[in-house]
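K.L.:
sequence and predicted model, in that order:
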Amino acid sequence: MSEIKIKRILPDPSELKAEILDGYPTKVSKKRSKSIVINDPEAGLEVQSNVRTVPGIITQRGCCYAGCKGVVLGPTRDIVNIVHGPIGCSFYAWLTRRNQTDPGPEGENYMAYAFSTDMQDSNIVFGGEKKLAQAIREAYEMFHPHAIAVFSTCPIGLIGDDVHAVSRDMKEELGINVFGFSCEGYKGVSQSAGHHIANNGIFKHVVGLDNTEREGKFKVNLLGEYNIGGDAFVIEKLFEEMGVTLVSTYSGNSSIHDFENSHMVDLNMVMCHRSINYIAEMMEKKYGVPWIKVNFIGAEATIKTLRKIAEYFDDKEMKKKVEIIIKREMAEVNTVAEDVKTRTNGKLAMMFVGGSRAHHYQELFTEIGMETVSAGYEFAHRDDYEGRHVIPSIKVDADSRNIEELEVEKDEKAFRNDLAEKKIKLLEQGFEFSDYKGMLPEMSKNSLVIDDISHYESEKLIKYYKPDIFCAGIKEKYVVQKMGIPLKQLHSYDYGGPYAGFTGAINFYKEIDRMVNATIWKLIKAPWLNEPELIGRFVDATY
Amino acid sequence: MLLRHTHKDIKERSALTINPAKTCQPVGAMYAALGIHGCLPHSHGSQGCCSYHRSALTRHYKEPVMAATSSFTEGASVFGGQANLLTAIDNIFSIYEPEIIAVHSTCLSETIGDDLNQIIQKARDEGKVPLGKHVFHANTPSYVGSHVTGFANMVKSMVTYFSESGGQKTDMINLISGWVEPSDMREIKRIAKLMKAKAIMFPDTSDVLDSPMTGKYEFYPKGGTTITDLIATGSSKRSIGIGYWATNDAAIALENKCKVRFDVVDIPIGLRATDRFIQQVSKSAEVVIPSEISEERGRLIDLIADMHQYLYGKRVALWGDPDQLIPLVEFLVDIDMKPVYIVSGTPGKYFEQRMSEILSKKVPEAKYKNGQGADMYLMHQWIKNESVDLLLGNTYGKYISRDEKTPYVRMGFPILDRVGHSYFPTVGYMGAIRILEKILGVIMDKQDLESPETRFELVM
């Protein structure tokens, strides 16, 4: 993998874009045209994103609740998460996201449980606050957890149940931390609003509760890593080996006890920028902890990240260890990549997921010689495509305005002036903080970038590009495979993984090799369908 | 332990549900609507509902599940979802060209009081529904009943919207399908055909959610009840509702609307429910029961008799939907197993009545509960107090199975981690043989795994 990544110039897909837009009613066409962008990595193009989905278009997006409870709060094992609403919302978020966790033999772990107030029509009519309070009481009496979180579903906001007031009362009554989230499904335009609400809630109610100085010379948080398929376990091991103390991961293999102490670190590292940058920003403002963007998806990305961390701490020993790790791991990575490449080189991939994966995973494909011809996010904002420098110019529309921006003030006592000074010094040396450059600059010229892709658009894309692999989620999985094209799920990893770090890269190369070269794709057609129809009968042969 | 916080000590709960044995209405409505040919289900609510339901159904069937959503925002939640639904109808017909859009509501649109009838009429008035195409709806508030209720409401709406009385009754019978697998629907049709009963089945998800891979994706697969057939259900001579919870309302609606008399039977799971189903088809369609059916029955009886020693007295815990649980529990009792713990989140007093009829004499120690508070956590607590030999239910049982080291057979919805349910039916006598094969498999595997070497058996 010593070769330098050469960006190709792909054929101009203007014709495809026109064809897609042509199939839409005029109004839809006009709206979608701004979210379908033919990339020019140097041009600073704008990708319309984080805007309302067109009703009826068949989107893959989910809701605010899914982003808040499902994504950000769900993976923390020792909070009892009570979903306030009818049963479905709790049911669908019950163990469906593969966030692995290791509580040890005796530790608290509520992740295999679904808690719900199971609202009935009478609760909708007369209000559900009493039922919620009772549910919290019952959960406490049965489990005595350290904390209970409450999640509002669509009807809650409409009937006016005040989950925050109930949570406050119960916190007082029970003497444990109880906090609520107004993450009704209809808020915002996608899961993204839920991420923000979750970030706000954790910051307000959890971060900073425990001021114990933990042991460790270099303390960090990993933000936006959800331990799907064990990714966080791989990263934890790397940190351990290089001598970095991981205080908390938001949120994978995570514990609320670690969140409470997570302001006591020297550095925040952001994996999934979209879902978690808020907490990184707030922590910096209040406690002076700087953040850097990291990426452990892809061997090259992992190398860069490890070196960057060592650079930040500027520790000789750590730098040495990092190089040892890289040298050791890359031997196998290179061997596998070179072998896999003989079967994958030049093949085409496209990916439409999340708010960061559709970007991060491109690196892994590049490493086995595959080209990403088209990609897009499901719930990203413009900065995830174009880079954080566009944030000041993003117009806040009616849907985003209602998502609270916390007013965060400097905590004079706890503020880390040393880190702030360190940041200034490093900035002068060209070290990049608080920066994410987005997807566009790293994609080839003329690649097609599509935000919030619709089913109709995916079909058109597949017909045009005939990709060798399509990466998306469960809803698209069998649709695309019916067309004879393998689909790799990048939300659930198709129950495989881990794909982070060096071990993960090797797993992913092998997985893609398996998928694009599976024998079954060549056996789809029955042999008789390739032959002219034979009508005849056997005649008795005479010898 | 995966469920390490589950205590033996049972405390009365009045507000908190833990590990539900049900989900919400709209997913059932979506599944039912997929059983109409050329139909695109539409979820009138937040995007999350549609996304969650599509995901749940996709994970269960490992098949494409298409549906659209009104994509409510905060504005729509305040001002009503009319504009969203009108736009959606317009877009769906121009982009995806279905024959039918089957709209179902959600807790959100129900709470704000959107009048689907009026909105759909407005869409028609405004010319948003092309000639010859249809939009109909079912009200499926998530805070009433369960996923089974949603299925029932959508099936009933098929009747209210499509069925027409053609004046003269035909020679057909209606088979109103309850919530069963595509494979089960296919099997029920096979049985009817074998009996020479002319039947319209609705809804019918076979050839929709078990479609072949050909290299070409069919947005509207070849299966599903056609509009012509749905209309013709009003002229059929009789209806058989298969499963009380899922089909009773539709059967009544059809009688009221088109004077088609009906009988509601249990889903033909196991021996006697299949007996009753066969007899009902014979009676309703006025056909004789062919010897092939008796032979299939005989094979089942033969298997039960041969394997009785492995089944006898074994304690079983079950969870799922009443329409499945009732015939299944009856079957277990018939093979001398002991269904001791049964829970269903789906409400309805009839459950208790039937369970009591089936269990009171032969398994008086049985505990059963449905509706509010009847969740898998409670069932697990019962198990902690006195263990069972077998677990029967959806995929969520795997956590209990592993913790309690108890043999476990997956049945019901959803099954997220095994295949087979789409292809191999559990209805009819042949289906009962499959259930037995699975039960025997896990019980005998446990014996093989745990018996001392000295007592390890070759022949069983």
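P.N.:
That came in fine, so what should we check first?
K.L.:
so what does whichever helix or strand residue B:29 is part of touch, helix or strand wise?
P.N.:
Assessed by DSSP states H and E, residue B:29 sits inside helix B:25-33. For helix B:25-33, the packing partners by 3 or more C-beta pairs under 8 Å, 6 or more residues apart in numbering or on different chains; DSSP states H and E come out as helix A:87-92, strand B:39-44, helix B:47-61, strand B:100-105, helix B:147-162. C-beta here means a position set from N, CA and C on the backbone, and glycine is covered the same way.
K.L.:
what ranges does the chain have for its strands?
P.N.:
In the absence of a named chain, chain A is used. Secondary structure of chain A (DSSP state E): strands located at A:36-38, A:79-84, A:115-116, A:147-152, A:177-181, A:219-223, A:245-250, A:267-270, A:291-293, A:348-352, A:371-376, A:448-450, A:469-472, A:487-489.
K.L.:
that answer is for a different chain, and I need it for chain B
P.N.:
Applying DSSP E to chain B gives strands spanning B:17-18, B:39-44, B:68-69, B:100-105, B:134-138, B:173-176, B:199-202, B:238-242, B:261-265, B:315-319, B:338-344, B:367-370, B:390-393, B:408-410.
K.L.:
so can I have TSV of the ones you listed showing mean pLDDT, mean neighbour count and distance to residue B:57?
P.N.:
Output for these, formatted as TSV (pLDDT from 0 to 100; neighbours: other C-beta atoms under 10 Å in any protein chain shown; distance: least, C-beta to C-beta, whole Å):
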stretch	mean pLDDT	mean neighbour count	distance to residue B:57
strand B:17-18	98	29	22
strand B:39-44	98	28	10
strand B:68-69	98	28	14
strand B:100-105	98	28	13
strand B:134-138	98	22	16
strand B:173-176	98	29	20
strand B:199-202	98	24	18
strand B:238-242	98	26	20
strand B:261-265	98	18	25
strand B:315-319	98	26	19
strand B:338-344	98	27	20
strand B:367-370	98	21	23
strand B:390-393	98	26	18
strand B:408-410	98	21	16
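K.L.:
closest to residue A:424 out of the ones you listed?
P.N.:
Smallest distance to residue A:424 across the strands of chain B (C-beta to C-beta): 48.2 Å, for strand B:68-69.
K.L.:
who does that closest one pair up with?
P.N.:
strand B:39-44 (parallel) (DSSP bridges).
K.L.:
show residues contacting the strand it pairs with.
P.N.:
Contacting residues not belonging to strand B:39-44 are listed as A:56, B:26, B:29-30, B:33-34, B:49-50, B:53, B:66-70, B:81, B:84-85, B:88-89, B:92, B:96, B:98-106, B:109, B:114, B:116, B:137, B:220, B:224 [C-beta atoms under 8 Å, 6 or more residues apart in numbering or on different chains].
K.L.:
closest residue of the stretch 1-150 of chain B to chain A?
P.N.:
residue B:48 (2.5 Å; C-beta to the nearest C-beta).
K.L.:
measure that residue to residue A:194 for me?
P.N.:
Between residue B:48 and residue A:194 the computed distance is 9 Å (C-beta to C-beta, to the nearest Å).
K.L.:
cool, residue A:205 as well?
P.N.:
Taken as C-beta to C-beta, the span from residue A:205 to residue A:194 is 16 Å.
K.L.:
more crowded one of those two?
P.N.:
Set residue A:205 next to residue A:194 and count neighbours by other C-beta atoms under 10 Å in any protein chain shown: residue A:194 wins out with 32 against 22.
K.L.:
test my guess that that one contacts residue A:65.
P.N.:
Yes - if you go by C-beta atoms under 8 Å, residue A:194 and residue A:65 touch, sitting 6.1 Å apart.
K.L.:
where does the chain have low pLDDT?
P.N.:
Unless you meant another one, I'm taking chain A. For chain A, applying pLDDT under 70 flags the ranges A:1-7, A:533-543.
K.L.:
near the residue in it positioned nearest to chain B, how many other residues are there?
P.N.:
For chain A, the residue closest to chain B is residue A:63, as judged by C-beta to the nearest C-beta, at 2.5 Å. Burial measure for residue A:63: 34 neighbouring residues, criterion other C-beta under 10 Å.
K.L.:
that one and residue B:48, how far apart?
P.N.:
On the measure of C-beta to C-beta, residue A:63 and residue B:48 end up 2 Å apart.
K.L.:
give me the common contacts of those two.
P.N.:
residue A:185.
K.L.:
tell me the helices in the stretch 201-350 of chain A, going along the chain?
P.N.:
Along the stretch 201-350 of chain A, the stretches classed as helices by DSSP state H, counting those that start in this stretch are A:231-242, A:256-260, A:273-287, A:299-313, A:316-344.
K.L.:
now the ones you listed in TSV, with distance to chain B and mean neighbour count?
P.N.:
Shown next, in TSV, are the helices of the stretch 201-350 of chain A (distance: least, C-beta to the nearest C-beta, whole Å; neighbours: other C-beta atoms under 10 Å in any protein chain shown):
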stretch	distance to chain B	mean neighbour count
helix A:231-242	18	20
helix A:256-260	15	23
helix A:273-287	16	24
helix A:299-313	29	21
helix A:316-344	21	16
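K.L.:
can you redo these as CSV with distance to residue B:360?
P.N.:
Below are these laid out as CSV (distance: least, C-beta to C-beta, whole Å):
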stretch, distance to residue B:360
helix A:231-242, 52
helix A:256-260, 48
helix A:273-287, 54
helix A:299-313, 64
helix A:316-344, 64
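K.L.:
which residues touch residue A:452?
P.N.:
Residue A:452 neighbours (C-beta under 8 Å, 6+ apart): A:35, A:49, A:53, A:59, A:60, A:61, A:190, A:376, A:377, A:378, A:379.
K.L.:
surely the third one and residue B:70 touch.
P.N.:
When you say that, I think you mean residue A:53. No - counting by C-beta under 8 Å, residue A:53 does not reach residue B:70; the two are 9.9 Å apart.
K.L.:
who has more neighbours out of those two?
P.N.:
Neighbours were counted for residue A:53 and for residue B:70 using other C-beta under 10 Å; residue B:70 has more, 33 against 22.
K.L.:
hang on, that one packs against residue B:83?
P.N.:
No - Residue B:70 is beyond contact range of residue B:83, at 9.3 Å (criterion: C-beta under 8 Å).
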